[in-house]
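Novice: okay, structure incoming, though there's no sequence with it:
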C-alpha cells in the first residue's frame, strides 16, 4: 500500500475514542478495511474529507487531543502551518526500496499488532522457508499474542529472503521479523542481512496492523528504538509524550515520571513493558557532616522449600493473564454480591426445548445465564459500563465474554449482541468459540473485548466463588453449580412443617465500585434472578 482513500468517517468532531474504536473506513490497494485507533482521546479535526483518494501513506488525516476542551483550538488548524514531523516517525510505507547497504529491492515484514492490546509477540513457528514464494493471504508464521496463537498472513507478494527472528523469539510490535525479496534470484544476497540493516533501511513494515492516527503535535522519539530502559531519557518541557493507557496507569501506580521513560513502541510510544523495565535514577545522597554509627548489614534470607520441583516457563499468554489480573486486583475496587436462584422452572423449560430441538441445538444452563445477563444489562445499563478516569463509558451493545479454560490459559471469547439473539443462537455460538479456544484456533474476532464477562465453574462442582473483573469492564458474573436444597412448604404453625427439595443456582456479581454502586449492583441481580426464576420472561 502506497496510497489510500477515505471511504467514510465513522466518528465526528468531539467524539471520544478509545483503543480499538473504528474511526474510518479506508480503501487500500487490496480491500476496504476498518481504521482502528490505538489511542484514546477526542476527535478535534478531520483534515481529509470523505471520498478523497490518492492519500499517501503517512499523510496527516485527523487530529486527536487528550483533553476535550482543546478541541476548539484546532478549528482553524492547517497542516501546512504545522511543524513537519521527523522522518523517523512517519508510518512505514509498504514498498520495496534499497537499504543503506545497497541490498536489492525488498520489503521488511514487521511484527503486526494482532490484537488491540498486543505489545509484544512470540514467534511460535515459521510456516514458510527461505526462498518460498508468498502471496497476499498466505500464512507465513504462527505468532503467540497476549490472547492466543494467531496466524500471521502476508499482505504482499515476493520471496522469503531472510528470517530475522527465529522460532521462540519474542519481540515488540513493529520490530522487523523477516525480509521479502521482489526477485527470487536476489534471495541468496540476503544471507548476511541483519537486524541492524532492517532498522536503518527505508524499506519497511508490511505488517497487518492499522495505520497510526497522527497526533496534534509531532513526537521526536525514533520509531525503530528497541533499547531497554537502562537510563532515564531527557525531554524538552514542551515535548508531548505518547503513552498507552496501560503504561500510564502502571507509571502512576509506581510513581514514575513519564518524561524520563524511553518509549520502544510504535513511533516511540511508551508501552507497558517500558514502564515495567524502567529503573529510575537514584538521587545523590546528601553529605552527612555528623558521624554515623556503624551497624552491621543484614542480608535478607530468602525462604526455601524442601523437595524436588520443576520450573515451568510462563508462556506469553500466561504472562499477560498475570499482568492484567494483577492490575485488576490492585487498581479496581472490587466488591461482591451473591444471590441464590430457584431454577426448577428453568430446568423444566430447558428439557422441553432440547426435546423440541431434535439435534439442531442443545441448550445448557449457561446459555440461559448468558441470556438472562443480557436482559439485565439492558434493564440496568449502568452495569454495562467501564471506568475511563474522567468519565464513565456506558455501552449500548451487549457483547458478553465467556471464560474458557484452555491448555494455554484462560481465554474469554466473545458472544456479540446477546440481547438481540435467541437461546439457540447463543448456544451454538458459545460452542463454536469455546471449541476454537480449547483447540488453540481462536480468531481475532473471537478474542475481542466485550462489555461484560461470565465465568462458570459449576461443571467442576464449585457451588460459589468470586471472579476477578476483566478490565476495563465494570463487572463480571461468577456462576456456581446447581445444588439441591430443602425448602419449607407449610408455614401454618398448627400443621406439621412440610419440606420439599428444589434446585438452586448461586451466582456472585463482582463490581467495580467506581462504576457500579452497591444499590445498582443489587438491582441488576434482582432483574437477573427474576428472569432466571421466571424463564417465560425470555419471550418478552
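Specialist: Received it, and whenever you're ready, just let me know what you need. No experiment lies behind these values; they were computed from the predicted model shown. Numbers count the residues shown, from 1 in each chain.
Novice: what does the average pLDDT come to for stretch 440-449?
Specialist: Average pLDDT, stretch 440-449: 84.
Novice: could you pull out the buried residues of it?
Specialist: Going by neighbour count (16 or more other C-beta atoms under 10 Å), the buried part of stretch 440-449 is 440, 442, 446, 447, 448, 449. Just so you know, the C-beta spots here come from the backbone N, C-alpha and C atoms, and that holds for glycine as well.
Novice: how about JSON lines for these, with secondary structure added?
Specialist: As requested, these are exported to JSON lines (DSSP: H, G, I helix; E, B strand; the rest coil):
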{"residue": "440", "secondary structure": "coil"}
{"residue": "442", "secondary structure": "coil"}
{"residue": "446", "secondary structure": "coil"}
{"residue": "447", "secondary structure": "coil"}
{"residue": "448", "secondary structure": "coil"}
{"residue": "449", "secondary structure": "coil"}
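Novice: and the furthest pair within those residues?
Specialist: 440 and 449 (19.8 Å; C-beta to C-beta).
Novice: mind checking pLDDT for residue 264?
Specialist: 72.
Novice: what is the neighbour count of residue 251?
Specialist: 21 (other C-beta atoms under 10 Å).
Novice: can you check residue 339 too?
Specialist: Using other C-beta under 10 Å, the number of residues around residue 339 comes to 15.
Novice: just the element for it, please.
Specialist: Under the criterion of DSSP states H and E, residue 339 resides in strand 334-342.
Novice: tell me the strands beside that strand, with direction?
Specialist: If you go by DSSP bridges, strand 334-342 pairs up with strand 499-512 (antiparallel).
Novice: in the strand it pairs with, what counts as buried?
Specialist: Across strand 499-512, burial judged by 16+ other C-beta under 10 Å covers 502, 503, 504, 505, 506, 507, 508, 509, 510, 511, 512.
Novice: isn't the second one right next to residue 347, touching?
Specialist: Yes - the criterion here is C-beta atoms under 8 Å, and residue 503 meets it with residue 347 at 5.9 Å.
Novice: the nearest residue to residue 360 once chain neighbours are set aside - how many residues pack around it?
Specialist: Residue nearest to residue 360 in three dimensions, not counting chain neighbours: residue 424, with 7.0 Å by C-beta to C-beta, 6 or more residues apart in numbering. Counted with other C-beta under 10 Å, residues neighbouring residue 424 total 15.
Novice: the one 3 residues further on too?
Specialist: For residue 427, the count of nearby residues is 24 (other C-beta under 10 Å).
Novice: so it, which of the three states?
Specialist: Residue 427 - assigned by three-state DSSP - is helix.
Novice: now the residue lying closest to it once chain neighbours are set aside: which helix or strand?
Specialist: Among residues not flanking residue 427 along the chain, residue 367 sits closest, at 4.4 Å (C-beta to C-beta, 6+ apart). Residue 367 is part of helix 365-379 when elements are defined by DSSP H and E.
Novice: other SSEs contacting that helix?
Specialist: helix 344-357, strand 400-402, helix 423-438, strand 452-456, strand 475-488, strand 499-512, helix 518-533 (3 or more C-beta pairs under 8 Å, 6 or more residues apart in numbering; DSSP states H and E).
Novice: now with 10 Å?
Specialist: helix 344-357, strand 400-402, strand 414-415, helix 423-438, strand 452-456, strand 475-488, strand 499-512, helix 518-533 (3 or more C-beta pairs under 10 Å, 6 or more residues apart in numbering; DSSP states H and E).
Novice: pLDDT on that helix, on average?
Specialist: Over the span of helix 365-379, the pLDDT mean works out to 96.
Novice: pull the residues that contact whatever helix or strand comes next after it.
Specialist: The element immediately downstream of helix 365-379 (helix or strand, assigned by DSSP H and E) is strand 385-387. With contacts defined as C-beta atoms under 10 Å, 6 or more residues apart in numbering, strand 385-387 is touched by 18, 331-333, 377, 392-395, 449, 451-452, 469, 471-475, 512-516, 520.
Novice: next one: stretch 339-348
Specialist: Residues from elsewhere that reach stretch 339-348, judged by C-beta under 10 Å, 6+ apart: 349-350, 365, 368-369, 372, 464, 479-480, 482-483, 485, 487, 500-509, 522, 525-526, 528-536, 538.
Novice: what about that stretch, start to end distance?
Specialist: Start-to-end span of stretch 339-348 (C-alpha to C-alpha, to the nearest Å) is 21 Å.
Novice: same question, stretch 256-270
Specialist: 12 Å.
Novice: do the same with stretch 527-540
Specialist: Taking C-alpha to C-alpha as the criterion, the two ends of stretch 527-540 lie 14 Å apart.
Novice: can you give me the buried ones in that stretch?
Specialist: 527, 528, 529, 531, 532, 533, 535, 538.
Novice: next SSE downstream of the helix-or-strand element of the chain with minimal mean pLDDT?
Specialist: When the helices and strands of the chain are compared on mean pLDDT, DSSP states H and E, helix 195-200 comes out lowest with a mean of 61. Later in the chain than helix 195-200, the nearest helix or strand by DSSP H and E is helix 245-254.
Novice: could you list the low-pLDDT ranges of the stretch 1-150 of the chain?
Specialist: Along the stretch 1-150 of the chain, segments meeting pLDDT under 70 span 1, 19-20, 29-31, 38-39, 79-101, 114-117, 147.
Novice: show me where it has its helices.
Specialist: Taking DSSP state H, counting those that start in this stretch, the stretch 1-150 of the chain contains no helices at all.
Novice: you'd agree the residue nearest to residue 360 is up against residue 358?
Specialist: No - with contact defined as C-beta atoms under 10 Å, residue 424 and residue 358 do not form a contacting pair (11.7 Å).
Novice: count of neighbours near residue 403?
Specialist: When neighbours are counted by other C-beta under 10 Å, residue 403 comes out with 20.
Novice: bridged to the closest residue to it other than its chain neighbours, which residues?
Specialist: Distances taken as C-beta to C-beta, 6+ apart put residue 455 closest to residue 403, at 3.9 Å, once the chain neighbours are dropped. Beta bridges link residue 455 to residue 478 when assigned by DSSP bridges.
Novice: surely residue 455 touches residue 410?
Specialist: Yes - using C-beta under 10 Å, residue 455 is in contact with residue 410, at 8.7 Å.
Novice: what do those two both touch?
Specialist: 403, 404, 468, 470.
Novice: need the contact list for residue 501.
Specialist: 344, 484, 485, 486, 487.
Novice: hmm, back to that, show me the contacts for the residue nearest to residue 403.
Specialist: Contacts of residue 455 by C-beta under 10 Å, 6+ apart are 401-405, 410, 412, 465-468, 470, 476-479, 508, 510.
Novice: do that again at 6 Å, thanks
Specialist: 403, 467, 478 (C-beta atoms under 6 Å, 6 or more residues apart in numbering).
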